[in-house]
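# Fold the following for me, if possible:
(chains A and B)
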Amino acid sequence: MAVSILKQGDYLIASVQSALTDTEVIELRDALLAQVAKHRSRGVIVDVAALDIIDSFAARSLTTVARTNRLRGAKTVIVGIQPEVAVAMSQFGLRLDSAYIALDLEAGIQLLTA
Amino acid sequence: MSEEIRVPIESDADTVIARQVGRDVALRLGFTRTDATFIATAISEIARNITVHAGAGEMIVRELNEDDRTGLAVIAQDEGPGIADVAAVMREDYRSNLGLGMGIWGAMRLMDEVDITSRPGGGTTVTMKKWCGFDEVAAFLDHGT
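Residues are numbered from 1 along each chain as shown, chains lettered A, B, ... in the order given. Below you'll find the predicted structure:
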């Protein structure tokens, strides 16, 4: 999968390495949920800077991760949304409910550890 | 010579190729990076409709030259089950039983023109256009409230 997931203390950091197919988006969703449960993580950062687009399917999958984690007491922080991707999501009307958003990895870590 | 690229859509990996082709052609034609991302996102939504509902199909990315303007057309064709009520799927509140109804709606918001031709059992053709340098401020002042 074009995603790496690292454990860092109480948190997980997932980095998307390239554009993802829908199948890979589902694999990312399931891997994040499984790893958060396995490590009893308090939060997960998902770096999506490498994503060429975030369409309805990707947005729905990320929202599922955020909602599920929230029910388990873990925070989900989406970082690195490219400016053009953000404009397209806004025009489309897509939101990432239940997820925290930060500009980049550093800001995401600050948000989780604050 | 107008540019035209055909991408067979048989799996979600082909969808990634189609949206990269759409982005590349858009940038070559002079679209902004934001508009190219709008086009790639719309392609992703419409290609998903092909793989989910029809199984396979084709996307054509074509340069448009009309009067003094340049644009890009995306034509998505399949031989799938078709759509009985095209007007219904273009309504904002439409959701298919697979929860995928947002696709057409998103494409309509991201592209300048979207047209659907379909009939039950006869396949579906979705034609989407976006014009280069389309002045959204002027359009808003003309039609907005």
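# From what I see, B:Ala88 and B:Ile116 are in contact.
No - with contacts counted by CB atoms under 8 Å, B:Ala88 stays clear of B:Ile116, the gap being 10.8 Å. Using the backbone N, CA and C atoms, a C-beta is placed for each residue, glycine as well.
# Counting neighbours, go ahead and name the busier of these two.
Each of B:Ala88 and B:Ile116 has its neighbours counted (other CB atoms under 10 Å in any protein chain shown); B:Ile116 has more, 19 against 11.
# Next up, the contacts around that one.
Shown here is B:Ile116, whose contacts under the criterion CB atoms under 8 Å, 6 or more residues apart in numbering or on different chains are B:83, B:86, B:89-90, B:104, B:124-127.
# What's the separation between the residue most central in space within chain B and A:Gly73?
Nearest to the mean C-alpha position of chain B, by CA atoms, centre = their mean, lies B:Met128 at 4.2 Å. Distance from B:Met128 to A:Gly73, counting by CB to CB, to the nearest Å: 43 Å.
# Which residue or residues pair with the residue most central in space within chain A through a beta bridge?
In chain A, the residue lying closest to the centroid (CA atoms, centre = their mean) is A:Val46, at 3.3 Å. Taking DSSP bridges, one obtains A:Ala14, A:Ile78 as the residues bridged to A:Val46.
# was I right about B:Phe38 contacting A:Ala88?
Yes - with contact taken as CB under 8 Å, B:Phe38 and A:Ala88 are classed as touching, separated by 5.2 Å.
# Now for those two: what residues contact both?
B:Leu110.
# Would you mind naming what in chain A lies close to chain B?
Within chain A, the residues that sit near chain B (CB under 8 Å from any CB of the partner chain) are A:19-23, A:52-57, A:82-85, A:87-88, A:91-94.
# swap the cut-off to 6 Å and go again
A:19, A:21-23, A:53, A:55-56, A:84-85, A:87-88, A:91-92 (CB under 6 Å from any CB of the partner chain).
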